[in-house]
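**Student:** My questions concern the predicted model and sequence given below.
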Amino acid sequence: ELPGFHGDPKTIHLEVVVDSTEREEIPPFGNIVDYLAFGGIYRDVYLYELESTFLSDAAIRYEVSSIEGETGTVCVTPVVEIDSLKQGTPICLKLQLAGQEHLCEAVTLGGVQTIQFPTFACEEMLLWHTDAPHLYDCHIVLEEAGCVLDEADIRLGFRKIDFSADGMFLNDRPFKIFGLNRHQSFPYAGYAMPKRAQEQDALILKRELGVNTVRTSHYPQSPYFLDQCDELGLLVLEEIPGWQYVSQKEEWRSLVVRDTKGMIKRDINHPSIFAWGVRINESRDDHALYEETNRAAKELDPTRPTTGSRCIERSELLEDFYSMNDFMHGSSQNNGNILRKQTRCTGLEEKVPYLVTECVGHMFPTKRFDQEQRLIEHALMHGRIQSMAAQYPEYMGAIAWCAFDYYTHFDFGSGDRICYHGVMDMFRIPKFAAAVYKSQKKPKDEYVLEPLTYWTRGERNGGNVFPIHVFTNCPVIEIKMGGVSKGRMERQFFNTDPNMQFLDYPPFLLQMTNGEWGDCWNEAEFIGYMDEKPVISRHFAANPIYTELLVEADSSELIAGEFDAVRMVVKAVDQAGNILPYLSEAVSVETEGDVEIIGPCCISLTGGCTGFWVRTRPDAGKGVARVTVLGSEGRTKRIALQLI
């Protein structure tokens, strides 16, 4: 009992002391770690006032018993945990789902007790799918003698996922995983970014990059991120905290099991989560520990499979499917191989469900401002691996390393504590490799045309710009040089890259010449066609000149009265609208109103482009704020933000 809590109003001070020391008895620490785990409280904190009897947890288990088209019959078994200070009190639980109400009566036993509702069937339920993420609201009410003690709202999605040696099936249809890993790392703020930034990452992965799966490497991530994955239809492989190291100290090991339970109890109702990662990433076998994490996972959630990402071959399989971080492509010992056969990795004679959970990454770290040929090879490595994973049923798919560059310990990275492994940089600005993923979007959703070139003669060895890979979902493309068409090209085997033939939309491979060194240089235009009509184009100037400073905001609104932040991307572009990749001009950022910049206010256009986040000030009021980006030669942009 806190003094005055139930009496006269008084001010109560709650003080939280945070120790950010990396302790060897707490996962992921004990050895070196390739990611920077920032200290402090970096997510929302809540203070609850509760009755003496309250809901402490609720898990809605279900089974899709039959499927017809986009709908199915769902057998639902709610499991509710109640915490009570009183014994012998009759209570009533009401659960409302899809227009139906279900009741369960019980008598409190004191302490924590688990009540399982009787299973009930819901017919003709719209099923959750990555292409159609249907969600339902579930409302739970806890009553005593007609008085509401507690209530909870849970958002649910129902889907059927099966795994076999022949791959993965979502709602009884074959499904190939096509994804990227995500670290929750942001420039200057570390992990301490609000709801909007977490949601925006999910939007970037699904809408901009077009992937269908993300792995939360290497720890559970923000509930806001997971909520958005539910809404967007982005599958999630969530895993426990850790990186390679397993301690033999009991305290450390008990925390691994506790982390497993905490992850599942917090996130069990997210339809986007299709599997639990219950091994420390890339760790060696530890039968006793992983037998316990698997047992804990199955006890809390018997409906989902378990897995764990490995980097060693012939690891013991205690989980439901085998996951491998396969960095063969790029290795000096790869002998031309792109991915290893699963039987080599598992050591098993029979095929099992098998997923590649990392690839590329540290084998070919690439900065957004690197020379063109390195950026191209980085992209092609991603394309080759995703094509091979799509080609063979023995792979459930591939989740490549990784989506965004991230902060790391000094043991890793490029000497600046940053790992440049992403297909986007830390500001979520794309590298060439992002085109591999974007180009696989369905044309009905968005036309994509991404030639992997800066269209400058002196960039590549030998002074030519060809060959050029054009990543596009258009079936026909045309290239014009100096305004003269070089003809249209249909997507056929002989004019696409043979190493990427099994992508849904393999890239065109243009093998042309553009004159000898010293000849006149021309502009170029790449045009994509659908149904014989031009639908998208990219133009490259012969003589690119710094023409405009662009500032693009993810949103024009911020929420006053809470920590909110919006990303802005600054680009120096030429007369054709292309980023000038070697312009490094400094720009300054000024704010008016109840907003401020996260990070420095004088920034460099590294590779012709950069980004920053604008956040609300504490106690910000409603109104209009302005952000001004000042470049040279009078190139200034002002963005108005509405605080609502």
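**Tutor:** Great, that's in hand. Numbering: from 1, shown residues only.

**Student:** The lengthiest strand in the chain pairs with which strands?
**Tutor:** Secondary structure of the chain read by DSSP state E shows that its longest strand is strand 71-97. Sheet pairing for strand 71-97, assigned by DSSP bridges, gives strand 53-68 (antiparallel), strand 100-116 (antiparallel), strand 120-126 (antiparallel), strand 136-144 (antiparallel).

**Student:** For stretch 71-88, give the mean pLDDT please.
**Tutor:** Mean per-residue pLDDT for stretch 71-88: 92.

**Student:** for stretch 302-316, that is, sorry about that
**Tutor:** Per-residue scores along stretch 302-316 average to 95.

**Student:** in that stretch, what counts as buried?
**Tutor:** 304-311, 315 (16 or more other CB atoms under 10 Å). Placement of C-beta: from N, CA and C, glycine included.

**Student:** how about those residues in a markdown table, adding secondary structure?
**Tutor:** What follows is the buried residues of stretch 302-316, written out as a markdown table (DSSP: H, G, I helix; E, B strand; the rest coil):
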| residue | secondary structure |
| --- | --- |
| 304 | coil |
| 305 | coil |
| 306 | strand |
| 307 | strand |
| 308 | coil |
| 309 | strand |
| 310 | strand |
| 311 | coil |
| 315 | coil |
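
**Student:** okay, among those, which ones form the most distant pair?
**Tutor:** For the buried residues of stretch 302-316, the maximum inter-member distance is 23.5 Å, found between 304 and 311 (CB to CB).

**Student:** List the contacts of stretch 505-515.
**Tutor:** 383, 387, 436, 439-440, 457, 464-473, 477, 479, 481, 486, 489, 491, 495-497, 500, 521-522 (CB atoms under 8 Å, 6 or more residues apart in numbering).

**Student:** quick one: average pLDDT of it?
**Tutor:** Rounded mean pLDDT across stretch 505-515 is 87.

**Student:** Can I get it in CSV, CA atoms only?
**Tutor:** C-alpha atoms of stretch 505-515 as CSV (Å, rounded to 0.1, in the frame of the first residue of the first chain):
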residue,chain,number,x,y,z
TYR,A,505,10.7,-11.0,-62.0
PRO,A,506,14.3,-11.7,-63.0
PRO,A,507,16.3,-8.6,-63.9
PHE,A,508,17.0,-7.7,-67.5
LEU,A,509,20.7,-7.8,-68.4
LEU,A,510,21.6,-5.2,-71.0
GLN,A,511,24.8,-6.0,-73.0
MET,A,512,25.5,-3.0,-75.2
THR,A,513,28.2,-0.5,-76.0
ASN,A,514,28.1,3.2,-75.8
GLY,A,515,31.0,4.2,-77.9
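
**Student:** Please tell me how far the nearest residue to residue 347 once chain neighbours are set aside sits from residue 79.
**Tutor:** Spatial nearest neighbour of residue 347, excluding adjacent residues (CB to CB, 6 or more residues apart in numbering): residue 314 at 3.3 Å. Distance, residue 314 to residue 79, by CB to CB, to the nearest Å: 37 Å.

**Student:** Could you do residue 586 as well?
**Tutor:** The gap separating residue 586 from residue 79 is 57 Å, by CB to CB.

**Student:** What of residue 254?
**Tutor:** Noted for residue 254: a distance of 24 Å to residue 79, by CB to CB.

**Student:** Looking at these two, which is more packed in?
**Tutor:** More crowded of residue 254 and residue 79, by other CB atoms under 10 Å: residue 79, with 16 against 13.

**Student:** Bridged to the more buried one, which residues?
**Tutor:** residue 59, residue 116.

**Student:** got the buried residues for the longest strand of the chain?
**Tutor:** 71-74, 76, 78-80, 82-84, 89, 91, 93, 95, 97.

**Student:** which residues of the stretch 451-600 of the chain score low on pLDDT?
**Tutor:** Within the stretch 451-600 of the chain, the ranges that satisfy pLDDT under 70 run 514-518.

**Student:** Same check on the chain?
**Tutor:** For the chain, residues meeting the criterion pLDDT under 70 lie at 1-10, 332-335, 514-518.

**Student:** Tell me which stretches of it form helices.
**Tutor:** Counting by DSSP state H, the chain has helices at residues 195-203, 223-232, 250-267, 287-300, 342-346, 372-391, 434-438.

**Student:** correct me, but residue 612 touches residue 597?
**Tutor:** Yes. At 5.8 Å, residue 612 counts as touching residue 597 under the criterion of CB atoms under 8 Å.

**Student:** Pick out whichever of those two has more residues nearby.
**Tutor:** Ranked by neighbour count (other CB under 10 Å), residue 612 and residue 597 place residue 612 first, with 24 against 17.

**Student:** give me the beta-bridge partners of the more buried one?
**Tutor:** Beta-bridge partners, per DSSP bridges, of residue 612: residue 568.

**Student:** Offset the numbering so it begins at 29, please.
**Tutor:** In the new numbering, first residue 29, that becomes residue 640.

**Student:** residue contacts, it?
**Tutor:** 215, 455, 595-596, 598, 617, 625-627, 631.

**Student:** Taking those residues together, which two end up most distant?
**Tutor:** Using CB to CB, the contacts of residue 640 span at most 14.3 Å, a distance reached by 598 and 626.

**Student:** So which of the two has more stuff around it?
**Tutor:** More crowded of residue 598 and residue 626, by other CB under 10 Å: residue 598, with 23 against 17.

**Student:** so what's that one up against?
**Tutor:** 577-579, 615, 631, 633, 637-640, 657.

**Student:** do the same with residue 611
**Tutor:** By CB under 8 Å, 6+ apart, the contact set of residue 611 is 574, 600, 633, 636.

**Student:** pretty sure the first one is in contact with residue 602, am I right?
**Tutor:** Yes. The criterion here is CB under 8 Å, and residue 574 meets it with residue 602 at 6.7 Å.

**Student:** Right, I'll leave it there.
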